[in-house]
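> show me how the following folds:
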Amino acid sequence: MFSDSDIPRETIHAYLETDYRVHGDTPATLKIGETNPTLATLHQVHGSACSAFITACNPFSQNASDEFNAVRQQALADELKQLGLTFFDGIGQHPSNNWPGEASFLVLGLSLEAAKALGTRYGQNAIVWSDADATPELVLLR
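Below is the predicted model of the structure:
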């Protein structure tokens with residue numbers, strides 16, 4: 001699994017262990033490979049067949065300044081608004097390592113191809129994507 005990626009194995013392992021937390025009125029913690037009933041409800045309520053958890057922070061997992069990350073995250077938010085997509089603030093946070101949590105968005109109705117394109121445009125190694133079954137999967141981009 002993931003053997004043909006340019007991303008270091010330990011980084012992929014960290015992504016698989018990370019908690020992908022959705023904020024807002026319907027908070028949820030997404031885990032890779034675990035069906036999430038709250039995510040399923042969000043899909044249903046918003047008439048979405050899929051969603052993506054995505055960030056613009058720390059391109060290629062290189063720790064960047066808070067200011068740099070905030071500017072990039074705002075650019076991503078502006079792009080999502082321009083596309084007319086529904087999204088919620090969130091944070092990707094590993095439960096035990098020292099990597100700082102990354103501001104993120106859960107974007108409803110974002111197809112896999114569109115999510116991959118956004119992740120690539122914002123220099124990400126991976127995104128988290130869920131189809132109608134609300135089971136988040138890690139999608140490597142390089």
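> show me the strands in this structure, by range?
19-22, 28-30, 51-54, 87-93, 102-108, 126-130, 137-140 (DSSP state E).
> longest single helix anywhere in this protein?
helix 66-82 (DSSP state H).
> angle of it against strand 102-108?
Interaxial angle of helix 66-82 relative to strand 102-108 (axes from the mean of the first three to the mean of the last three Cα atoms, to 10 degrees): 10 degrees.
> and helix 66-82, average pLDDT?
Taken as a whole, helix 66-82 has an average pLDDT of 97.
> in that helix, what's buried?
Buried residues in helix 66-82, counting neighbours by 16 or more other Cβ atoms under 10 Å, are found at 69, 72-73, 76, 80. Using the backbone N, CA and C atoms, a C-beta is placed for each residue, glycine as well.
> cool, and stretch 23-39?
For stretch 23-39, a neighbour-count test (16+ other Cβ under 10 Å) marks 28, 30-31, 36, 39 as buried.
> export those residues to a markdown table and tack on distance to L112 and pLDDT?
Listed next are the buried residues of stretch 23-39 as a markdown table, based on distance: Cβ to Cβ, whole Å; pLDDT from 0 to 100:
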| residue | distance to L112 | pLDDT |
| --- | --- | --- |
| A28 | 20 | 96 |
| L30 | 16 | 98 |
| K31 | 19 | 98 |
| N36 | 17 | 98 |
| L39 | 15 | 97 |
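> right, and S130 touches E137 too?
Yes. Counting by Cβ atoms under 8 Å, E137 is a contact partner of S130 at 6.9 Å.
> so which of the two has more stuff around it?
S130 (28 against 13; other Cβ atoms under 10 Å).
> before we move on, the earlier item: and the strands of the chain: which comes nearest F60?
If you check each of the strands of the chain against F60 by Cβ to Cβ, strand 126-130 wins as the nearest, at 10.4 Å.
> got the angle between that closest one and strand 87-93?
Going by the same axes, to 10 degrees, strand 126-130 makes 120 degrees with strand 87-93.
> partners of strand 126-130, with directions?
Partners of strand 126-130 in the sheet, by DSSP bridges, are strand 51-54 (antiparallel), strand 137-140 (antiparallel).
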